[in-house]
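# quick one: sequence plus predicted model below, questions after.
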Amino acid sequence: MTISFASSLIKYSCLCSKLSSGGIFSFFILYSSFFILTLVTSTICAPSTPSGGALGIIRVSGPQSIPIADVLFTSPSHQLLASAKGQTLHFGTITDSSGAIIDEVLLSLFRAPHSYTGEDSIEISCHGSRFIMNAIIERLIQLGCQQAQPGEFTQRAFLNGKLDLSQAEAVADLIASNSRATHHMALSQLRGHFSSELSQLREYQG
C-alpha cells in the first residue's frame, strides 16, 4: 500500500461522485480513500505488553518512526538511527522534552518492507513500570505519533500485503488461544497453511 495508491483511490472516488451525483456509493469510496491515506501517512504507537511487569515493549510504525526515534533515543556512540541498517538492535536512553532520562532501553529497528506491518518500525524494550511506559508513549505522541487503535498494526500488515485476511484473523486467535489445540490451529493458520489450501482449491476449481 503506497501513498500513490491512496491518491489514485481519491481520484477514483471523485469520478464516482460526479457519475452518481454524490450518492452513497461515492461517499463510501471517498471515505475509504481518506481512511487509507491516513493509514499510509500517519505514524502510530502503542504498548505491546501490559505495564507492571519486569519488561515492557512499545511498538511504533509508520513513515516517521525512525526520525521520531532519533529525537528521543540516544545511543552511547550517538549514532543516528537514520544511518543504521534495518533488523538491528540498539542500546541507549530515552529522554523527555527537557532532556531528562526516562529509561535505558533496547531499541529494535526494522526498515520497510521487512517488518510486521511492512512499514518502517521500531520496538522499544524498556522496564515495565506503568510510569515509564506512559512517559515514553506520551513523548512519542508529543513528537507526532498517533495512539494506535486496537488491531491497527495487524490492519496495516494486511493492507501492505504482509498478511492475507485469514492470517490477520489468526493473529487474534493466537493471542486468545488458551489450549494446545487452539494454539496449534491459530499458529497453523498464521503460517499460511489454510491460505495455501484455499489457493490450491481455487486452482483445482479453475
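Good, I have the coordinates.
# domain assignment for this protein?
3-41, 44-155, 163-205 (automatic domain parsing).
# what about the residue nearest to the spatial centre of the chain, distance to residue 78?
Centroid-nearest residue in the chain: residue 153, 3.4 Å away (criterion: Cα atoms, centre = their mean). Remark: distance between residue 153 and residue 78 (Cβ to Cβ, to the nearest Å) = 30 Å. From N, CA and C alone the C-beta is placed, and that goes for glycine too.
# lowest-confidence helix or strand of this structure?
helix 3-20 (a mean of 45; mean pLDDT, DSSP states H and E).
# re earlier: out of the domains of the chain, which gets the lowest mean score?
Among these, domain 3-41 carries the lowest mean pLDDT, a mean of 48.
# which neighbouring elements make contact with the longest strand along the chain?
Determined from DSSP state E, the single longest strand within the chain is strand 101-110. Strand 101-110 sits against helix 65-72, strand 88-95, strand 121-127, helix 130-142, with contacts defined as 3 or more Cβ pairs under 8 Å, 6 or more residues apart in numbering; DSSP states H and E.
# may I see the buried residues of that strand?
102-103, 105, 107-110 (16 or more other Cβ atoms under 10 Å).
# sorry, back to before: not counting its neighbours along the chain, what's nearest the residue nearest to the centre of the chain?
residue 117 (5.6 Å; Cβ to Cβ, 6 or more residues apart in numbering).
# if I look at the one you found, how far off is residue 141?
Taking Cβ to Cβ, one finds residue 117 at 18 Å from residue 141.
# who has more neighbours out of the two?
residue 117 (26 against 13; other Cβ atoms under 10 Å).
# who touches the more buried one in this structure?
Contact partners of residue 117, counting by Cβ atoms under 8 Å, 6 or more residues apart in numbering, are 61, 153, 156-157, 160, 162.
# tell me the SS of residue 170?
Look at residue 170: counting by DSSP: H, G, I helix; E, B strand; the rest coil, its state is helix.
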